[in-house]
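Novice: Here is a sequence together with a model predicted from it:
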There are 2 protein chains.
Amino acid sequence: MPLKHALLGFLSYQPMTGYDLKQHFDRSISHFWNAKLSQIYPALSQMRTDGWLTMEVDYQEDRPNRKVYQITENGRVALHNWLGEPTEMAPVRDAFLIKVFFGGKLNREDILAQLHRYLILHKEQLTSYQKNVQQEIQKNAEATGLVKESVFWNLTLEMGIKYEQGWIEWCEDSIKKIEAMDDD
Amino acid sequence: MPLKHALLGFLSYQPMTGYDLKQHFDRSISHFWNAKLSQIYPALSQMRTDGWLTMEVDYQEDRPNRKVYQITENGRVALHNWLGEPTEMAPVRDAFLIKVFFGGKLNREDILAQLHRYLILHKEQLTSYQKNVQQEIQKNAEATGLVKESVFWNLTLEMGIKYEQGWIEWCEDSIKKIEAMDDD
DNA sequence: TAAGTAATATATAAACATATATATATATAA
DNA sequence: TTATATATATATATGTTTATATATTACTTA
């Protein structure tokens, strides 16, 4: 399960709680993977059962105790193996394209409105990558001194940026084509 | 649920069985949505309960009877409304990028092997879109005479092509960058 | 001052998706 | 000739993900 291996990946840097891990997911890899806390917590329990993690409780008074998870040698091996395994292409799933596919059923304004809206969403996403994710990677690189690692973090960000740029171009082109169509 | 609306979309062209619908999914929209038969059949039953479809049985001797589904007026309304609703961006989920993100844990050859492999997969996918999907759309446009519709089918295909081209460029760039890195 | 958010975790239900098994006849490919 | 694919559907189990509810205290914002 990729979720488990992403968790292993972060825990290979340092021990953390589920809550901490959620922050890392949201700040560093949300452009290609995300998970809710309600998925992360049970996954961590299982991984402990699997022998990939150990856990120790950090007692606190005013809020729930922190359960700090640490990767084991088995966990490191599992991560390393998984990283080297061949990977299938991720299938694309985008409901927006279903709407476009059947766009002939809408009138011109409605389908154009859809495209304009989606264009804006993707532009905002692009901006957010260029600002927030970029910064987060930078910050992490400095804080941890993991220079080589940060090259790879940046590669994933570049893919995110290219992806958004692709959508933006496509939306703009599509709008032009539809505007040029004969009305009926 | 987008699955149901995609089914409605195809049934808005003509009555069909679940098996037929599966063919359409695979041939026309698999570049952005797919579904197994084991998901399509129950969905059709539900949609009938919802009043979006009617069904009649076409008796056959040597193979299972065909259950032919036909869209109702309610179904058409539901489809039309859904097509006009604003759409959230589809989140990206790609396990390959998790591998890249933690690529610093692999040695250079292993991560390069991953990238080369993914590059090939995406090149094959691109070729397949340009050949098969392209052709299928063409064929459908001619067979059904739905000219205006086919413009939209082509738009989704263009997005698929752009997407694959993006991956291909990114893989090639990433390979170059990693090859240029200092070894450690 | 009231409402929201951060910090931390658990539990349960529901929704969505895949895998697999079961039937059965014909046609096609190795 | 044997295996696989096509044509059609159902059923069940399992896996994955999201949603929602529940606790508690401190801090921040309106």
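Specialist: Nice, thanks for sending it over.
Novice: Can you tell me what sits against the helix or strand residue A:81 falls within?
Specialist: Per DSSP states H and E: residue A:81 is located in helix A:73-84. Helix A:73-84 is contacted by residues A:5, A:8-9, A:11-12, A:47, A:50-53, A:71, B:99, B:102-103, B:105-106, B:110, B:114 when judged by C-beta atoms under 8 Å, 6 or more residues apart in numbering or on different chains. Quick note: C-beta positions are derived from backbone N, CA and C, even for glycine.
Novice: Give the buried subset of these as a ChimeraX selection command.
Specialist: The ChimeraX selection below is limited to those of the contacts of helix A:73-84 classed as buried (16 or more other C-beta atoms under 10 Å in any protein chain shown):
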select /A:5,8,9,11,47,52,53,71 /B:99,102,103,105,106,114
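Novice: so of the contacts of helix A:73-84, which ones are in strands?
Specialist: A:53, A:71 (DSSP state E).
Novice: By mean pLDDT, point me to the weakest helix or strand of chain A.
Specialist: helix A:134-144 (a mean of 83; mean pLDDT, DSSP states H and E).
Novice: got the CA positions of that helix in CSV?
Specialist: Only the C-alpha atoms of helix A:134-144 are listed here, as CSV (Å, rounded to 0.1, in the frame of the first residue of the first chain):
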residue,chain,number,x,y,z
GLN,A,134,8.4,25.4,-3.1
GLN,A,135,9.0,27.2,0.3
GLU,A,136,8.3,24.1,2.3
ILE,A,137,10.8,22.1,0.4
GLN,A,138,13.4,24.9,0.8
LYS,A,139,12.7,25.1,4.5
ASN,A,140,13.0,21.4,5.0
ALA,A,141,16.2,21.2,3.0
GLU,A,142,17.8,23.9,5.3
ALA,A,143,16.4,22.5,8.5
THR,A,144,17.5,18.9,7.9
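Novice: how does chain A divide up, domain by domain?
Specialist: In the domain annotation for chain A, the residue ranges read A:2-84, A:95-180 (automatic domain parsing).
Novice: show me the contacts for the residue lying closest to residue A:69 once chain neighbours are set aside.
Specialist: Setting aside the residues directly before and after it, residue A:69 is nearest to residue A:53 in space (C-beta to C-beta, 6 or more residues apart in numbering or on different chains), at 4.7 Å. Going by C-beta under 8 Å, 6+ apart, residue A:53 touches A:11, A:44, A:47, A:69, A:70, A:71, A:72, A:75.
Novice: Give the burial count for residue A:128, as a bare number.
Specialist: Residue A:128 has 15 neighbouring residues, counting by other C-beta atoms under 10 Å in any protein chain shown.
Novice: Which of the helices or strands spans it?
Specialist: Using DSSP H and E, the element containing residue A:128 is helix A:108-128.
Novice: Now do the buried residues in that helix.
Specialist: In helix A:108-128, counting by 16+ other C-beta under 10 Å, buried: A:111, A:112, A:114, A:115, A:118, A:119, A:121, A:122, A:125, A:126.
Novice: so how far is the longest helix along chain A off the chain centroid?
Specialist: Longest helix in chain A, counting residues (DSSP state H): helix A:147-180. Remark: helix A:147-180 is offset 15 Å from the chain centroid, using C-alpha atoms, centre = their mean, to the nearest Å.
Novice: ok, now which ones touch the closest residue in space to residue A:151 that isn't next to it in sequence?
Specialist: In this structure, residue A:151 finds its nearest non-sequential neighbour in residue B:181, 6.6 Å apart by C-beta to C-beta, 6+ apart. By C-beta under 8 Å, 6+ apart, the contact list for residue B:181 reads A:148, A:151, B:108.
Novice: Give me the neighbour count for residue A:38.
Specialist: Count around residue A:38 with other C-beta under 10 Å applied: 7.
Novice: Now it, what are its backbone angles?
Specialist: phi -70, psi -10 (degrees, to the nearest 10).
Novice: now the one 4 residues further on
Specialist: Backbone dihedrals for residue A:42, given as degrees, to the nearest 10, come out at phi -60, psi -30.
Novice: ok so, going back, return the subset of the contacts of helix A:73-84 lying in helices.
Specialist: A:5, A:8, A:9, A:11, A:47, B:99, B:110, B:114.
Novice: All set, thanks.
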